[in-house]
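Participant: Need coordinates for the below:
(chains A and B)
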Amino acid sequence: MSTEPAADLLYNEVEDELRLPLRRALLADRCPTGALLTRIESDEPYDTELWRALGAELGVTGLSVPEEYGGAGAGWRETAVVLEELGRAVAPVPYLGSSVLATAALMAADETRVLPEVAAGRRAAALAVPFSTGPGLPFPDAVRLSGSALSGTVTSVADATPARVLLVPAVGEAGPGLYLVDLAAAGDTVTLAPRRSLDLTRPLADITLRSAPAVPVALGDEAIRVLDVALTTGAALLASEQLGVAEWCLTTTVAYVKERHQFGRPVGSFQAVKHRLADLYGLVSQARAVARNAVAALDAGSPQVALKASLAQAFVSEAVVETAEAALQLHGGIGFTWEHPVHLYLKRAKSDALALGTADRHRSALALLVDLPPAA
Amino acid sequence: MASAQPAHSARTDQVWTADRLRSAVHTVVSAHDPATTDPVEFLGALFDAGLAWVHFPPGHGGLNAPRALQSVVDDELTAAGAPPRAPGLHTIGLGMAAPVLLAFGDEAQKKRFLRPLFTRQEVWCQLFSEPGAGSDLAALATRAEQDETTGDWVVSGQKVWTSVAHEAHWGLLVARTAPELPKHQGLSYFLVDMRAPGVEVRPLRQATGEAEFNEVFLTDVRIPDTHRVGAVGDGWKVASGTLMNERVAIGAGAMPREGGLIGGLARLWRERPELRTAGLHSPVVRAWVDAEALRLTAERLRQQLAAGQPGPEGSAAKIAFAGLNQRMSGLALDILGEEGLGYDDWTFRRPEPDDDFSTRSFGFFYLRTKGNSIEGGTTEILRNVIAERVLGLPPEPRTDKTIPWKDLPR
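Facilitator: Presented below is the predicted three-dimensional model:
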């Protein structure tokens, strides 16, 4: 198996410039932890103000979309930097659902009717599959097409509640298809039932369609391809969000153990604590290389995208969970309280590890891609 | 590490660009065809043209050019058919002696040692570790006492884990010059002639059966004061500079996918389907994932270096590399089953410099990789280094830094 020429695994100047206003102005000022804890138990778990700002003020909701369709004409590398920062803040905005999964599907299908509105962040879109769905699974058949209307229930969809547009995989007599459902036009033929989710900062919902009017976006093998592109793109980019979560966990824990004293010393002076953090530092630096590798493959249109996305999920999912679990432990008692935000990161870390295919499923996919088959 | 003052200031107006360096390489290559020129003469010509280490001062193998431009020279030399610059026997000379001489050596030392080091005429070894001073290098006990009549230093003690000591012309030595001072303050740094009377080199047999390393016994070895590097008592400062270079050398290095032990493990899994079991599949795939993650991490580190932004990730990569190698070689034995019970060669011998390690058994790697988490800084010490120097965590309280070395418990 060949090695492609090494991709650029660093951050370029454009990406660095994108990161600063995000981290300083938006996430630090508008997304403080106290407000986050209040928000997640309110009726409006999503931060609509922040979402509006990401679109209207910073213009980062359509980074990967060409300018002629209302986007920034940048790429997935830049999108990944936004995901890192949103992960670092566990920001409750539908960026992964709308700007990554749905946008990737719309672009792969050349579906430009709603793309400008989605790219501008004026209408959030959601890909109607359970959030645990990874690439390589059989085409979903939970929703059926009859005439030009869809019926069925899709469970555990991420970022569905703020969505105004749904992209729904469905199966009809002619086979699989991907359909656009405009929720304003659909009226009460589509209902969303919020689901109590492990990750409080990324609500899930079950979507039920009862003869909902739908427009085809891709049909037959093309629908299968488009869905696979969207899920592979999502898996590759999710690693960058996970990297942001892991980085918050590491830096916050390092800062805490420098301050917290027991036995007359900072707890961070004990080797049992230092060594665990040193290992996490190594893990996070490896996760960064793997995440950048996956993102670079997307932008380069690499034929090894599936391999690199699965590699990223197989590695980063376990790395982020290990980092978040250690963060809670190394905070001691305060880390187990509701008041301290580390539980929000643990919940995001574990949910992200289940999202878009578990590490185990990605390892199984990878095993076949790199010719390491299971025992007969 | 700190860079020395330029030795010559006359040429500081020169602005070195990639193009100018390429043409400098062409000048050397056209005058000394690498295909027909004696390697020593060819390397000497490169040194004299300032292309050995472009960031070194003129006259000492460099041009005071930006360090990042060395890769331009190396690429150009490879393209011109120059012999590969694999360090082999000269790892310590090129990776440790040259930078330490640049940073801390005096003019006469640079003049005497850098050129034959670069032309591979003189081999170097490192005399740091001792049986009683491994991780705690500053505890070392080898004594250097000055002869007041001649100014020479008279050295006695024992060093260990010395690669290529039996081939070496010169050794980088740290010895204790003031036992009455606290341990870090009483050390000095010397260049020792490995052929001098009183230097005895013995092979050190290791767990694999062979002897990659040596023990070096020093008995009343005389070292002229002109071969002292840095001030008397500055040995720790000088040695710390060289250790950092060693970690860079061991931790980094670009590799193709499935380079290293993972290649052998993956081949074993592919070529011997009859040995596969359900339970071993996941560990094999995990090892592949971790090896690829580590390869990309090393590649990212290399890109950072090339961009002039060296990162501190090298120590962490070295820890992970050691652990992964140990896991993979043990896993290969698990897959092999009965074949894993055997061993290829217990002969007490020194490996040849050109030995092909890829032909050795997994049993050999199972044993040899145990050294990976010890050599070049144990995993435990490197974790302290990362925690304290990278993450900024406070050191553990210590009692050994302030009391005289001679009063420390041993």
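Participant: any low-confidence regions in the stretch 1-150 of chain B?
Facilitator: For the stretch 1-150 of chain B, applying pLDDT under 70 flags the ranges B:1-14, B:84-86.
Participant: In it, what residue lies closest to chain A?
Facilitator: With Cβ to the nearest Cβ as the measure, the residue in the stretch 1-150 of chain B that lies nearest chain A is residue B:135; the distance is 12.7 Å. From N, CA and C alone the C-beta is placed, and that goes for glycine too.
Participant: so is that residue in a helix, a strand, or just coil?
Facilitator: Judged by DSSP: H, G, I helix; E, B strand; the rest coil, the three-state class of residue B:135 is coil.
Participant: and residue B:281, how far is that from chain A?
Facilitator: Spatial separation of residue B:281 from chain A under the definition Cβ to the nearest Cβ, to the nearest Å is 5 Å.
Participant: Which strands or helices does the helix or strand containing that residue pack on?
Facilitator: Assessed by DSSP states H and E, residue B:281 sits inside helix B:278-306. In terms of contacts (3 or more Cβ pairs under 8 Å, 6 or more residues apart in numbering or on different chains; DSSP states H and E), helix B:278-306 is packed against helix A:271-300, helix A:305-330, helix A:359-369, helix B:261-271, helix B:314-336.
Participant: need the helices for chain B, in chain order.
Facilitator: Listed from the start of the chain, chain B has helices (DSSP state H) covering B:18-31, B:39-48, B:70-79, B:91-92, B:98-104, B:107-118, B:235-251, B:261-271, B:278-306, B:314-336, B:362-368, B:379-385.
Participant: Averaged pLDDT, the lengthiest strand in chain B. What do you get?
Facilitator: With secondary structure taken from DSSP state E, chain B has its longest strand at strand B:213-223. Rounded to a whole number, the mean pLDDT of strand B:213-223 is 98.
Participant: Alongside chain B, which residues does the stretch 251-376 of chain A contribute?
Facilitator: Within the stretch 251-376 of chain A, the positions near chain B by Cβ under 8 Å from any Cβ of the partner chain are A:254, A:257-258, A:265-266, A:268-271, A:273-275, A:277-279, A:281-282, A:285-290, A:292-293, A:311, A:314-315, A:360, A:363-364, A:366-367, A:370-376.
Participant: What subset of those residues is buried?
Facilitator: Applying 16 or more other Cβ atoms under 10 Å in any protein chain shown to these, the neighbour count classes A:254, A:257-258, A:266, A:268-270, A:273-275, A:277-279, A:281-282, A:285-290, A:292-293, A:311, A:314-315, A:363-364, A:366-367, A:370, A:372 as buried.
Participant: Could you report the neighbour count for residue 143?
Facilitator: Since no chain was named, I'll use chain A. The burial metric for residue A:143, expressed as a neighbour count using other Cβ atoms under 10 Å in any protein chain shown, is 25.
Participant: wait, I meant chain B there
Facilitator: As a burial measure, the neighbour count of residue B:143 was computed by other Cβ under 10 Å and equals 15.
Participant: got it, and residue B:204?
Facilitator: A total of 15 residues lie near residue B:204 under the criterion other Cβ under 10 Å.
Participant: Same question for residue A:24.
Facilitator: By the measure other Cβ under 10 Å, the count of residues near residue A:24 is 10.
Participant: is it true that the residue of the stretch 1-150 of chain B closest to chain A touches residue B:382?
Facilitator: No - shown here, residue B:135 and residue B:382 do not form a contact pair, counting by Cβ atoms under 8 Å, at 9.9 Å.
Participant: who's more crowded, those two?
Facilitator: When residue B:135 and residue B:382 are compared on other Cβ under 10 Å, the one with more neighbours turns out to be residue B:382, at 24 against 13.
Participant: ok, the more buried one - contacts?
Facilitator: For residue B:382, the residues meeting the contact criterion (Cβ atoms under 8 Å, 6 or more residues apart in numbering or on different chains) are A:278, B:247, B:315-316, B:318-319.
Participant: Would you list the buried entries among those?
Facilitator: Applying a neighbour-count criterion of 16+ other Cβ under 10 Å, the buried members of the contacts of residue B:382 are A:278, B:247, B:315-316, B:318-319.
Participant: Flag whichever of those residues scores worst on pLDDT.
Facilitator: residue B:247 (45).
Participant: related to what we said a few turns ago, now do the nearest residue to the residue of the stretch 1-150 of chain B closest to chain A once chain neighbours are set aside: how many residues are near it, please.
Facilitator: Beyond its immediate neighbours in the sequence, the residue positioned closest to residue B:135 (Cβ to Cβ, 6 or more residues apart in numbering or on different chains) is residue B:381, lying 4.8 Å away. Here the number of neighbours of residue B:381 (other Cβ under 10 Å) works out to 16.
Participant: hang on, residue B:381 packs against residue B:137?
Facilitator: No - between residue B:381 and residue B:137 there is no contact under Cβ under 8 Å: 9.7 Å.
Participant: And the longest strand of chain B, what's buried?
Facilitator: The neighbour-count criterion (16+ other Cβ under 10 Å) identifies B:213-218, B:221, B:223 as the buried residues of strand B:213-223.
Participant: could I get these as CSV with distance to residue A:236?
Facilitator: Rendered in CSV, the data for the buried residues of strand B:213-223 read as follows (distance: Cβ to Cβ, whole Å):
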residue, distance to residue A:236
B:213, 45
B:214, 50
B:215, 52
B:216, 53
B:217, 58
B:218, 57
B:221, 60
B:223, 59
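Participant: related to what we said a few turns ago, centre of the chain versus the helix holding residue B:281, how much separation?
Facilitator: Relative to the chain's own centre, helix B:278-306 is displaced by 23 Å; criterion: Cα atoms, centre = their mean, to the nearest Å.
Participant: angle of it against helix B:261-271?
Facilitator: For the pair helix B:278-306 and helix B:261-271, the angle between their directions (axes from the mean of the first three to the mean of the last three Cα atoms, to 10 degrees) equals 150 degrees.
Participant: Could I get the buried residue list for helix B:278-306?
Facilitator: Using 16+ other Cβ under 10 Å, the residues of helix B:278-306 that count as buried are B:280-281, B:283-305.
Participant: tell me the average confidence for it?
Facilitator: Helix B:278-306 comes out with an average pLDDT of 94.
Participant: what's the longest helix in chain A?
Facilitator: Ranked by residue count and defined by DSSP H, the top helix of chain A is helix A:221-259.
Participant: Show me chain B divided up by domain.
Facilitator: The record's domain split for chain B, according to automatic domain parsing, is B:18-85, B:124-232, B:252-377.
Participant: Mind checking the ones you listed for the one nearest to residue A:90?
Facilitator: Using Cβ to Cβ as the criterion, the shortest distance between residue A:90 and the domains of chain B is 24.3 Å, found for domain B:252-377.
Participant: quick one: contacts for residue B:153?
Facilitator: For residue B:153, the set of contacting residues under the criterion of Cβ under 8 Å, 6+ apart consists of B:144-147, B:175, B:177, B:188, B:190, B:222-225, B:228.
Participant: What subset of these is buried?
Facilitator: The neighbour count (16+ other Cβ under 10 Å) marks B:144, B:146, B:175, B:177, B:188, B:190, B:223, B:228 as buried among those.
Participant: In contact with the fifth one, which residues?
Facilitator: If a contact means Cβ under 8 Å, 6+ apart, then residue B:188 has B:144, B:153, B:174-177, B:228, B:230-235 as its contacts.
Participant: List just the nearest of those to chain A.
Facilitator: Each of those was checked against chain A using Cβ to the nearest Cβ; the closest is residue B:174, at 25.9 Å.
Participant: okay, the closest one: pLDDT?
Facilitator: As predicted, residue B:174 sits at a pLDDT of 98.
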